[in-house]
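Chemist: need a 3D model of the following:
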Amino acid sequence: MLTVQSMLNARGQTTKWPANMPSEKWYRLFKKRHPGVVLCTPQKLGKQKALVRKSSIMKCFADFQATVTDFDASILLDPSRIYNCDESGFSLDTSFGKVLSFVGTKFVYQVGSEQKTMITVLVCCSATGHFVHPMMIYPGTQFRGFRLQEVFDDSFITKSKNGWTNQSIFLDWLQQVFHPETAHVKRPILLLVDGHISHQSIGAATFCKDNGIILYALPPHASHLMQPLDVGVFNTMKAKWRKSVKKQNELEIVTKRTFALVFKDAYETTIKRDLAPQAFRNSDIYPLDPNNIEWQKILPDITAEVATRARGCREGR
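Modeler: So this is what the prediction gives:
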């Protein structure tokens with residue numbers, strides 16, 4: 001309705017509707033005339049991501065190909081040498097959606113954590129589906145209330161005041177996790193990251209240069225298109241996480257102390273699937289082919305479209 005109002009205003013048209021806002025009756029008739037148009041629940045898209053355009057993405061792919069080719073063109077043909085790492089937050093307080101209840105029940109509850117704590121997890125995988133051990137970043141200055149041995153073995157645990165990654169933590173991960181676990185891979189190898197400041201430090205750049213790691217920052221606000229983990233892994237992992245939390249809460253509420261063991265189930269279930277290779281294909285990183293990207297994920301330039309239509313109306317077309 002607001003979109004229709006905006007288009008009418010851009011065209012300079014006036015209608016019988018107050019302030020050009022369509023009526024509910026018009027909306028009902030519109031749906032009847034266009035049965036192929038349905039009401040959907042949209043996915044949340046940040047403002048900056050909404051401004052991304054096809055031309056800028058194509059340029060990013062061209063720059064990416066040129067940069068990697070300058071180092072070693074054979075990397076782009078070898079999926080075992082292409083990695084992507086990214087961080088995502090996992091909340092102790094998950095939303096489980098609707099539950100069954102008797103008609104007339106006034107209060108419906110579901111037991112869960114009251115903590116709003118978010119644990120950051122860094123995940124890394126290659127285009128062949130090789131996952132290196134995940135890193136969990138706990139908020140706080142010290143570990144209280146649980147023992148480190150309660151963390152599942154195949155993981156790296158650390159902490160920061162706010163629970164987010166930083167330059168020091170990322171360098172530790174490169175040195176203690178990524179480099180040792182990819183030592184068997186032919187050098188140089190490519191590590192794709194986002195443009196977050198935590199990935200940009202002299203220490204990280206120097207370590208990568210000395211150890212045959214090409215650290216490449218993907219363009220900002222385009223992770224939903226170009227970053228494999230965002231494109232095809234994290235959604236599944238978070239869905240598994242919610243199920244694992246729901247199961248655990250039936251026995252004991254998930255806390256910082258038990259987070260790692262509960263997360264282990266979601267993580268291991270996810271990486272057993274063939275998600276990573278498909279995610280690299282869907283993001284067109286491997287094989288490299290930006291023409292196959294899902295351009296439907298980019299919002300149409302409504303402003304330009306409205307302006308074009310308005311100009312056409314003024315010219316009598």
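
Chemist: helix or strand right after the one helix or strand residue 67 maps to?
Modeler: Using DSSP states H and E, the element containing residue 67 is helix 54-72. Where DSSP H and E defines the elements, the next helix or strand beyond helix 54-72 is strand 82-91.

Chemist: report the angle between that next one and helix 54-72.
Modeler: Between strand 82-91 and helix 54-72, the angle comes out at 130 degrees (axes from the mean of the first three to the mean of the last three C-alpha atoms, to 10 degrees).

Chemist: strand 82-91: partners in the sheet, and parallel or antiparallel?
Modeler: For strand 82-91, sheet partners with direction are given as strand 118-126 (antiparallel), strand 189-193 (parallel), following DSSP bridges.

Chemist: may I see the buried residues of stretch 170-180?
Modeler: 170-171, 173-174, 177-179 (16 or more other C-beta atoms under 10 Å). Where you see a C-beta, it was placed from the backbone N, CA and C, and this is true even at glycine.

Chemist: again with stretch 228-244
Modeler: Neighbour counts using 16+ other C-beta under 10 Å place 228-238, 240-242, 244 of stretch 228-244 among the buried residues.

Chemist: closest one to residue 152 out of those, please.
Modeler: Each of those was scored against residue 152 by C-beta to C-beta, and residue 244 proved nearest at 12.4 Å.

Chemist: wouldn't that closest one be in contact with residue 266 here?
Modeler: Yes. Checked against C-beta atoms under 8 Å, the pair residue 244 and residue 266 is within contact range at 4.6 Å.

Chemist: any stretches of the stretch 201-317 of the chain with poor pLDDT?
Modeler: Residues of the stretch 201-317 of the chain that meet the criterion pLDDT under 70 lie in 294-317.

Chemist: okay, and the residue nearest to residue 169 when sequence neighbours are not counted sits in which element?
Modeler: Setting aside the residues directly before and after it, residue 169 is nearest to residue 158 in space (C-beta to C-beta, 6 or more residues apart in numbering), at 5.6 Å. Under the criterion DSSP H and E, the helix or strand holding residue 158 is strand 156-160.

Chemist: that strand pairs with which strands, and in what direction?
Modeler: Strand 156-160 has the following sheet partners, assigned by DSSP bridges: strand 131-139 (parallel).

Chemist: contact partners for the spatially most central residue of the chain?
Modeler: Compute the mean C-alpha point of the chain, and by C-alpha atoms, centre = their mean the closest residue is residue 230, 3.3 Å away. Residues counted as contacts of residue 230 (C-beta atoms under 8 Å, 6 or more residues apart in numbering) are 86, 223-224.
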